[in-house]
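Colleague: Next one to model:
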Amino acid sequence: MYIGAPLIKTVSPISSLGFFAPTSKNNNKKINLNKTPSSPKIKTLNPKTLIPLSLCGTLATKKKMKRAAEGELVNKSKVSKGNNNTPATKKNMKRRNKKKTFSSCIESAQVGGNLQKQQIASQKAPDSKMDEIPVFGDLLSELGKENDGKTNPKLSSGNDSHLSQTRFDQCPISPLSLKGIKDMGYERMTTVQEATLPVILKGKDVLAKARTGTGKTVAFLLPAIENILKSTSVDCSRNEFPISVLIICPTRELACQVAAEAMKLLKHHPSISAQVVIGGTSQDTERKRLLGKPCQILIATPGRLKDHTVTTPGFATRLKGVKVLVLDEADQLLGMGFQKDIEKIVASVPKQRQTLLFSATVPKEVHNICHIALKSDHEYIDTVDEGSEETHSQVRQTHLTAPLSEHFSVIYKLLKDHIADDVNYKVLVFCTTAMVTKLVAELLSDLKLNVREIHSRKAQSYRTRVSDEFRKSTGLILVTSDVSARGVDYPDVTLVIQVGLPSDKQQYIHRLGRTGRKGKQGQGILLLAPWEEFFLSNLRDLSLIKASVTLIDPDSKKKVEQAVSRIDMKSKEAAYQAWLGYYNGNKTVGRDKCKLVERANEFSRSMGLDTPPAIRKVVLGKMGLKNVPGLRSY
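Modeller: Residues are numbered from 1 along each chain as shown. Model prediction:
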């Protein structure tokens, strides 16, 4: 994905688009960092007169500009002509759709405007500033809502405890970067930014313990941009232009969020461009962009970065120009099994670089990678006073226990009660696996609740669309696996329900952290089976309150049972196998294989199955469950 990619959707104010207006012939002249530019006038422009940011600062021809302005419309007109059922047309449409798979990740970030900002602001007075902007929504509109209480008293209704008294203009930051910060509605730094920015701007390596939603994205992006500005100027039109900043993220969603934030900070830096390479999108399209466009800032997931190192000509050489390496959510990167990939990435970039590690927790795995990635004189900055648990002082946490056979009915009742209490409800329901997530989403949808689902088995384009919708909406329930547990910022989540055993304490905390953000109140409920209650001993310092399950009326229970019976058998079979695999991997639950199978079959009965689904023998063998009584195989 190329952040400067053209997008023609509507005529919008220049301040809200990823374009630069050709109002002067001096677009290519060098930036004078000692001179503060005057504020640009906002006016409505014809899309055909706009130049994509990707072409600013380069020797763009009229032909390129025309193609950038009209390309999308031309493509669409071609699709509508002729017989779309021919094999060649189908193949072309498939290829075109694949190329667009991830374009929506940044499309809505480029479309917006002052009118939409005013409409949103009139509907609901925003609270405090938001540093980690939405991933896929109308990002400029969302961010335009946020401002400092001093600037506009109406915007100070939220809790400003995450804000410091230090202003961005008190740091040695270029005027154009400050202008971008101001456009984003920021004046004061968050406490995380106040602690980390001065040290990073001095060029020191840093290990920062910081939670998501505290402004850490700006804390590493802003110094990275300043680093590029201080570097020797190089002709941006050259394809061999080195990658100066490499940012590694554990998930696609987080990478998109960082990219959207980068786009805003680069608004007044047309000579600096950024690209994103992530799994789930067309690698060929990414390769063409990498080879055909300059890229000073690259945001990547480890697997896709590794792919390009092998398959994209000259890519490994371009990494030799990296001056700043950022590992975002380092603990999650390592927890997801990327340690060897991270070690290879560190070895592929120059030793003389600045390295920044941001992590919500600092387990031994993070300490181990520090010895490899960071200089010996690096600084450790802890912005979480008493561990990440203190994050959730604003969240009312409860837990309740019910047999597996009643879990579906309990989930339904919890949601119905919450919807009745809060007309602006916005709920996240976390499930143990992707296939269990799919099952629960199908059930709740059949029960006529307003439900969406996100998990790793869904295509990236679908996940992008649903994530965007959930971010901008209220009155919506998102059933999700742990792809939404960290990094992604959904504003105004009113309730988080965790169904089943979290993998560990930190996973529980990160899921819970989707609510109670930016000083707002939230609620979290952990639903366990009786044999899962041992996990509560890990959470005894988090002040969970035990809740009793209120009586479920017979009509609701019957309604749930009927909905369960209508779920497709394939969904039930997949959920059963995934459930068994997940709990088999738990050291406590999976220790006794016979007990494990008994509980899996209890889960099967909760899906309305008298006989548990059969599983392939080879799969059972890999699980170490071959010949365990109670299992059916084929």
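
Colleague: Give me the buried positions along stretch 570-586.
Modeller: 571-584, 586 (16 or more other C-beta atoms under 10 Å). Just so you know, the C-beta spots here come from the backbone N, C-alpha and C atoms, and that holds for glycine as well.

Colleague: same question, stretch 423-440
Modeller: For stretch 423-440, burial by neighbour count (16+ other C-beta under 10 Å) applies to 425-440.

Colleague: Let's see which of the buried residues of stretch 570-586 end up in helices.
Modeller: 571-584 (DSSP state H).

Colleague: just curious, which of those residues is nearest to residue 277?
Modeller: Nearest to residue 277 out of these is residue 578 (C-beta to C-beta; 28.8 Å).

Colleague: what residues go with each domain of the protein?
Modeller: 14-101, 114-382, 392-556, 570-623 (automatic domain parsing).

Colleague: With mean pLDDT and distance to residue 633 added, can I get these in CSV?
Modeller: Below are these laid out as CSV (pLDDT from 0 to 100; distance: least, C-beta to C-beta, whole Å):
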stretch, mean pLDDT, distance to residue 633
domain 14-101, 40, 37
domain 114-382, 79, 28
domain 392-556, 89, 19
domain 570-623, 95, 5
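
Colleague: Among the ones you listed, which comes closest to residue 630?
Modeller: domain 570-623 (4.1 Å).

Colleague: measure that closest one end to end?
Modeller: 20 Å (C-alpha to C-alpha, to the nearest Å).

Colleague: How far away from the center of its chain is it?
Modeller: 30 Å (C-alpha atoms, centre = their mean, to the nearest Å).

Colleague: on that earlier part again, now tabulate the domains of the chain in TSV and tack on distance to residue 629.
Modeller: Output for the domains of the chain, formatted as TSV (distance: least, C-beta to C-beta, whole Å):
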stretch	distance to residue 629
domain 14-101	45
domain 114-382	32
domain 392-556	18
domain 570-623	6
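
Colleague: closest to residue 563 out of the ones you listed?
Modeller: domain 392-556 (4.2 Å).

Colleague: Greatest separation within the buried residues of stretch 423-440: which pair is it?
Modeller: Largest separation among the buried residues of stretch 423-440 by C-beta to C-beta: 425 and 435, giving 25.9 Å.

Colleague: send the alpha carbons of stretch 280-298 over as CSV?
Modeller: This file holds the C-alpha atoms of stretch 280-298, laid out as CSV (Å, rounded to 0.1, in the frame of the first residue of the first chain):
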residue,chain,number,x,y,z
GLY,A,280,-3.3,-10.7,3.2
THR,A,281,-2.6,-8.2,0.3
SER,A,282,-1.1,-8.6,-3.2
GLN,A,283,2.6,-9.0,-2.9
ASP,A,284,3.0,-8.2,-6.6
THR,A,285,1.3,-4.9,-6.1
GLU,A,286,3.5,-4.1,-3.2
ARG,A,287,6.6,-5.0,-5.2
LYS,A,288,5.6,-2.7,-8.0
ARG,A,289,5.2,0.2,-5.6
LEU,A,290,8.5,-0.5,-3.8
LEU,A,291,10.3,-0.7,-7.2
GLY,A,292,8.5,2.3,-8.8
LYS,A,293,8.1,4.7,-5.9
PRO,A,294,10.5,6.2,-3.3
CYS,A,295,9.8,5.0,0.2
GLN,A,296,11.6,6.7,3.2
ILE,A,297,9.3,5.1,5.8
LEU,A,298,8.3,1.5,5.5
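
Colleague: circling back to that earlier point, from the buried residues of stretch 423-440, which land in strands?
Modeller: Of the buried residues of stretch 423-440, the ones assigned to strands by DSSP state E are 426, 427, 428, 429, 430.

Colleague: Do I have it right that the first one meets residue 514?
Modeller: No - the criterion here is C-beta atoms under 8 Å, and residue 426 misses it with residue 514 at 9.8 Å.

Colleague: Quick check: neighbours shared by the two?
Modeller: Taking C-beta atoms under 8 Å, 6 or more residues apart in numbering as the criterion, residue 426 and residue 514 both touch 490, 493.

Colleague: contacts for the helix or strand hosting residue 597?
Modeller: Here residue 597 sits within helix 593-606, counting by DSSP states H and E. Residues outside helix 593-606 that contact it (C-beta under 8 Å, 6+ apart): 403-408, 529, 531, 564, 572, 576, 579-580, 583-584, 589-590, 611-613, 624-625, 628-631.

Colleague: Which among these count as buried?
Modeller: 404, 406-408, 529, 531, 564, 572, 576, 579-580, 583-584, 589-590, 612-613, 625, 631.

Colleague: who's in contact with the residue nearest to residue 183 when sequence neighbours are not counted?
Modeller: Excluding its sequence neighbours, the residue lying closest to residue 183 (C-beta to C-beta, 6 or more residues apart in numbering) is residue 267, at 6.2 Å. By C-beta under 8 Å, 6+ apart, residue 267 lies in contact with 179, 180, 183.

Colleague: For residue 267, give its distance to residue 241.
Modeller: 21 Å (C-beta to C-beta, to the nearest Å).

Colleague: before we move on, what about residue 569?
Modeller: 54 Å.

Colleague: closest to residue 168 among the buried residues of stretch 570-586?
Modeller: residue 582 (44.6 Å).

Colleague: If you count neighbours, what's buried in stretch 310-317?
Modeller: 312, 315.

Colleague: Run the chain-centre distance for it.
Modeller: 27 Å.

Colleague: Let me see the contact set for the closest residue to residue 633 other than its chain neighbours.
Modeller: Once flanking residues are discounted, residue 633 sits nearest to residue 617: 4.8 Å by C-beta to C-beta, 6+ apart. Residue 617 makes contact with 626, 633, 634, according to C-beta under 8 Å, 6+ apart.
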